[in-house]
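1. quick one: sequence plus predicted model below, questions after.
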Amino acid sequence: MDVKGTLKCCKEFTVEGVATSASKASVKATVSNVIDPGFKAVASASFPYKSPAKVAMEYGHPHFHVKGTASMAKMPEVALMASAGVCGGVVGGNVAYDTSRKECSAWSLAAGYTHPTNHSVFAYMLKKGQAVKVTYSYQMSDRAVVGGEVIKPLKNGGDMTASLGYSRRLDSGALAKGKVSSEGICSLLWESMLPGDTKVALSGQFDANSLEKNARVGMSMEIGK
C-alpha cells in the first residue's frame, strides 16, 4: 500500500510525499509563479538515497517554453530543452551535457507546422544527428485521422523504415486505431470509456511476415476516481 500526502503552504509552494510498502519514499517540492506567472522550480529526492536529487526550472510563455534540469551529483548531467512557435509553426530542441565525461551526451532538433484545420507535418533530427524522422497526419473528418512516419538512419548504413496509421472514433464513442510498418508489424487498439469513469483497452500485435511468431494480445483497465 502506498501513502501519499500533499502540503500546500500557499498557492506558490507545494510539497508532495509518497511512501511505499517497500520502505521507499520520495519527496517533491514545487515553487511556481513567484518571479513571473510562467516560472516554476521543482526539487525532488528519493529514499533510500540510491540516486542523486534533481532540480528543474522552467518558464512558459504563449509563444515559447524553456526547461532546464540537473542532478545534485558531484559531477551532474545537465539538460536543457526549449521550443518556440507562432502561427502554426514550431521549432525546438534539447541538449544534455555530462560533466563527468565532459561531453555532450545527447541532442535533438525538431521543426513542424500544424494547419488550423486538417494536417500537420514535423521533421526531427535524432540521436545526435544519427537519424532523421518525418511525420505527417491528416484530419479526414472530425472522427478520423490518418498519418505516416518515415525514419532514415544517417550513419552505419541503416535501412529506412516507414509506417502508416489510422484512427477513428466510432459511433459508440470507442476509439479504434491501426498501424502497419514496412517491416510487416501490424498493431491494433480499441479503447472505450465505461460507466463509472472506467477506461478499457484491448490491443494486439502480429508480424505479417510470420503469423505464428511475435503475436501479442493485451488488455488494460483504468478505474477513475
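-> Looks like it came in fine.

2. who does the one helix or strand residue 58 maps to touch, helix- and strand-wise?
-> Counting by DSSP states H and E, the element that carries residue 58 is strand 54-61. Counting contacts by 3 or more C-beta pairs under 8 Å, 6 or more residues apart in numbering; DSSP states H and E, strand 54-61 is packed against strand 39-47, strand 64-71. All C-beta atoms are positioned from the backbone trio N, CA, C, and that covers glycine.

3. packing partners of the longest one?
-> If you count contacts as 3+ C-beta pairs under 8 Å, 6+ apart, strand 39-47 packs onto strand 25-32, strand 54-61.

4. in the last one, what's buried?
-> The neighbour-count criterion (16 or more other C-beta atoms under 10 Å) identifies 54, 55, 57, 58, 59 as the buried residues of strand 54-61.

5. tell me which helix or strand in this structure has the weakest average pLDDT.
-> strand 3-10 (a mean of 80; mean pLDDT, DSSP states H and E).

6. how about that one as PDB, C-alpha atoms only?
-> In PDB, the C-alpha atoms belonging to strand 3-10 read as follows (Å, rounded to 0.1, in the frame of the first residue of the first chain):
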ATOM      1  CA  VAL A   3       0.700   6.500   1.300                       C
ATOM      2  CA  LYS A   4       0.600   9.900  -0.400                       C
ATOM      3  CA  GLY A   5       0.400  13.400   1.100                       C
ATOM      4  CA  THR A   6       0.400  17.000  -0.100                       C
ATOM      5  CA  LEU A   7       1.300  20.100   1.900                       C
ATOM      6  CA  LYS A   8       0.300  23.400   0.300                       C
ATOM      7  CA  CYS A   9       1.800  26.200   2.300                       C
ATOM      8  CA  CYS A  10       0.400  28.800  -0.200                       C
END
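
7. could you give the angle of that strand to strand 25-32?
-> Between strand 3-10 and strand 25-32, the angle comes out at 20 degrees (axes from the mean of the first three to the mean of the last three C-alpha atoms, to 10 degrees).

8. output the below-cut-off pLDDT ranges for this structure.
-> 1, 224-225 (pLDDT under 70).

9. pull the distance from stretch 154-164 to the chain's centre.
-> Its chain's C-alpha centre and that of stretch 154-164 lie 22 Å apart, by C-alpha atoms, centre = their mean, to the nearest Å.
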